[in-house]
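# show me how the following folds:
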Amino acid sequence: WDLITVVSTDAIAQQSAIIIRNTVVMLSVLFLLFACILFYNMRQKRRNDLQVQKLAFIDNLTGIRNYNKFFMDCNSKLDTRGSKSYAVIYFDIDNFKIINDTFGYDYGDNLLRLIANLLGSVCGQNDIFGRLSNDYFGIMTEYQDDSELIKILNQIKNKINETLGQYQSKMEVILSAGIYVIPPGEKDLNTAINKANMARGTIKGQHQKYYAFYNENIRNKLSEEKKIEGEITEALKKNQFKIYYQAKYNVNTDKMAGMEALIR
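Residues are numbered from 1 along each chain as shown. Sure, this is the predicted structure:
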């Protein structure tokens, strides 16, 4: 016996179409699932990269450049400076510890955020600014004239006092700033910051003047002070200091009224 089965080509075509359609749907779902997973991984990686970049380059408290980002951007500008002249301003809040102790650390943090926001409004588009550490801030700006640099500091100082006046603060915020004009060809930002810091140290705590420009006299003075400190330390080790007592006489009674202790 021969068994012969006859199937219509339309039925085969219909079944084939269903199989093909199901296969296409399945592949499409798998493709979309794979695309979603790939998109999620790429988005997560980008988010992680941004987070790492934020941790590496953005100051957590103020949201502006931190030490690393400030140096990176400044060095990039100095490498391509051409004939442009730049100056570095390095400043801190002279009485910041007293402010923290008096009003609390939250007040101090808000003050740092305030200064960061003011830097964003005072500095130009091409200026670079950041919080370098604690209450220390740095600005690198294109240098044209001394008055422009002083103008930036005056604006910061005045706006700080105006804003704090709204909070009825009884303590004045005192800034101490050092300014260093970077000479043509110099590309070492560390040297620039150090010299600006030297200038800042000369007026720290004086309060009569809140900024100073770096010059060689400052370097020589600091070198001399460092030399004297070294000599004092060495003299202490060698027991070279001696105490002298100088009598103090009362000219009316011609009698000794006390004495002054001197160390030589």
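
# helix or strand for residue 41, which one?
Secondary structure from DSSP states H and E places residue 41 in helix 9-57.

# contacting residues around whichever helix or strand comes after that helix?
Sequence-wise, the next helix or strand downstream of helix 9-57 (DSSP H and E) is helix 67-79. For helix 67-79, contacts defined as CB atoms under 8 Å, 6 or more residues apart in numbering pick out 56-58, 65, 86, 88, 128-133, 138, 140, 182, 186-187, 189. The way it works is simple: take the backbone N, C-alpha and C, and place the C-beta from them, glycine included.

# put the alpha carbons of helix 67-79 into PDB.
Written as PDB, here are the backbone C-alpha positions of helix 67-79 (Å, rounded to 0.1, in the frame of the first residue of the first chain):
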ATOM      1  CA  TYR A  67      42.600  72.000  43.700                       C
ATOM      2  CA  ASN A  68      43.100  69.400  40.900                       C
ATOM      3  CA  LYS A  69      40.700  71.000  38.400                       C
ATOM      4  CA  PHE A  70      42.000  74.500  39.100                       C
ATOM      5  CA  PHE A  71      45.600  73.400  38.400                       C
ATOM      6  CA  MET A  72      44.700  71.400  35.400                       C
ATOM      7  CA  ASP A  73      42.800  74.300  33.700                       C
ATOM      8  CA  CYS A  74      45.400  76.900  34.700                       C
ATOM      9  CA  ASN A  75      48.300  74.900  33.300                       C
ATOM     10  CA  SER A  76      46.300  74.300  30.100                       C
ATOM     11  CA  LYS A  77      45.900  78.100  29.700                       C
ATOM     12  CA  LEU A  78      49.600  78.800  30.500                       C
ATOM     13  CA  ASP A  79      50.700  76.200  27.900                       C
END
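
# which of the contacts of helix 67-79 fall in strands?
Judged by DSSP state E, the subset of the contacts of helix 67-79 located in strands is 86, 88, 128-133, 138, 140, 182.

# most centrally placed residue in the chain?
Nearest to the mean C-alpha position of the chain, by CA atoms, centre = their mean, lies residue 131 at 2.0 Å.

# how near is it to residue 92?
10 Å (CB to CB, to the nearest Å).

# what touches both of those two?
Joint contacts of residue 131 and residue 92 (CB under 8 Å, 6+ apart) are residue 137.
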